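Student: Model the following, please.
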Amino acid sequence: MSKYSTIAVIYGSDSSEWEISCRSGEFVSSRIDGTKFDVYEIFARFGQWTLVAYRKRNSVRVILPEGARPEIDKTDFSVTVAGEKVKFDYAYIMQHGTPGENGLMQGYLEMLGVPFSSCSSFVSAITFDKFTCKNYLRGLDYVKCADDVFVRKGEVTPDLSRKVIDRLGLPLFVKPTDGGSSFGVVKVKKEEEFDDAVKVAFSEGKMIIAEQFIPGRELTDAIYFNGKELVALPVIEIVTDHEFFDYDAKYNGFSEEICPAPISDSMTARIQEVSRKIYARLGCSGVVRVDYILSGDDLYFLEVNTIPGMTSASLVPKMVRTAGMDMTDFLTEIIGE
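Tutor: Next comes the predicted model:
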């Protein structure tokens, strides 16, 4: 008998990633064990939370038509469907970007005492901000961080490009500190490209970083707690003909995601152990994906994804399949029946 019975999968978001979030949420909803849980799908965007579909145990999915989708009662995290009030006792958060990845949704659920699938509100807040997260990991002996320059909106000066380039060199990356799916990320090769890159990055948020370019191989690994221990999934290498793993490369087929990564067994074990250490260092929960650049023998931390993509083509499901696991069983472990 499961300790939870009614799972709310929350998707959609207030960010540029909202459509990807919907695809991830629909995939997760379809893979949650329908013999153990009732599954309710909530679309949440800009404060409007509505029930879009649900699936009772051992039943088919019911899609509610637009205009007939009941609103979620935020006072107690419930919904009324056909005269029946349903109170959710667990939330599976699949919102990429705000409010699901930066701690706001987690804070709401924490105040109501509703358990959920991801990191705590505090950990979500610090990991969502790339600059803050890197500062938690700087100076460790098991992973490196590329040098960077933090800039808040209003701090841009006419000599910023020269100061940044003198410190970081070219090429470099300019990116929002709190974005995902590579929105707002620009690779700068020439000084005259810097100011436009800053404008693009600021279009996604109020804080940006310019980051040193580290040549090397892009690798990623996911970690989760199975109720007994931290489990590291197989490592993936990402290969693309694009300048970097941008939105087009991620979602429109312009990359090759090799799983398991063609690296030595010792390097695989090293990356998996580093991923476990980073997970523990940051105080993560649920399934988390950590991205790296391997430059020679040096392993550089890129970022941590506390709500990683979960479509059928996403990286974590590929890792799960490569590990020989069933996606439904994997999600049951995350929920922690």
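Student: can you list the domains in the chain?
Tutor: Domain assignment for the chain, taken from automatic domain parsing, gives 6-118, 126-144+215-306, 147-212.
Student: What is the least confident helix or strand in the protein?
Tutor: Least confident element among the helices and strands of the chain, by mean pLDDT, DSSP states H and E: helix 247-251 (a mean of 50).
Student: which is the next helix or strand following it?
Tutor: Downstream of helix 247-251, the next assigned helix or strand under DSSP states H and E is strand 256-258.
Student: The helix or strand following that following strand - contacts with which helices or strands?
Tutor: Of the helices and strands lying after strand 256-258 in sequence (DSSP H and E), the nearest is helix 265-282. When contacts are defined as 3 or more C-beta pairs under 8 Å, 6 or more residues apart in numbering; DSSP states H and E, helix 265-282 sits against helix 121-128, helix 130-137, strand 217-225, strand 230-232, strand 288-295, strand 298-305. Using the backbone N, CA and C atoms, a C-beta is placed for each residue, glycine as well.
Student: Apply 7 Å and report the result again.
Tutor: helix 130-137, strand 217-225, strand 230-232, strand 288-295, strand 298-305 (3 or more C-beta pairs under 7 Å, 6 or more residues apart in numbering; DSSP states H and E).
Student: Any idea which of the ones you listed gets closest to Glu71?
Tutor: Ranking the helices and strands packed on helix 265-282 by proximity to Glu71 (C-beta to C-beta) places strand 298-305 first, at 29.7 Å.
Student: hmm, back to that, adding mean neighbour count and distance to Leu331, write the domains of the chain out as TSV.
Tutor: Compiled in TSV, those are given as follows (neighbours: other C-beta atoms under 10 Å; distance: least, C-beta to C-beta, whole Å):
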stretch	mean neighbour count	distance to Leu331
domain 6-118	19	5
domain 126-144+215-306	17	9
domain 147-212	17	21
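Student: any chance of these in CSV, plus distance to Ser314?
Tutor: Formatted as CSV, the domains of the chain follow (distance: least, C-beta to C-beta, whole Å):
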stretch, distance to Ser314
domain 6-118, 7
domain 126-144+215-306, 9
domain 147-212, 11
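Student: among the ones you listed, which is nearest Asp326?
Tutor: When the domains of the chain are compared by C-beta to C-beta, domain 6-118 sits nearest Asp326, at 8.9 Å.
Student: Measure how far that closest one is from the centre of its chain, please.
Tutor: Here the centre of domain 6-118 is set off from its chain's centre by 17 Å, with C-alpha atoms, centre = their mean, to the nearest Å.
Student: what mean pLDDT would you report for that domain?
Tutor: The predicted model gives domain 6-118 an average pLDDT of 96.
Student: What separates the first and last residues of it, distance-wise?
Tutor: 17 Å (C-alpha to C-alpha, to the nearest Å).
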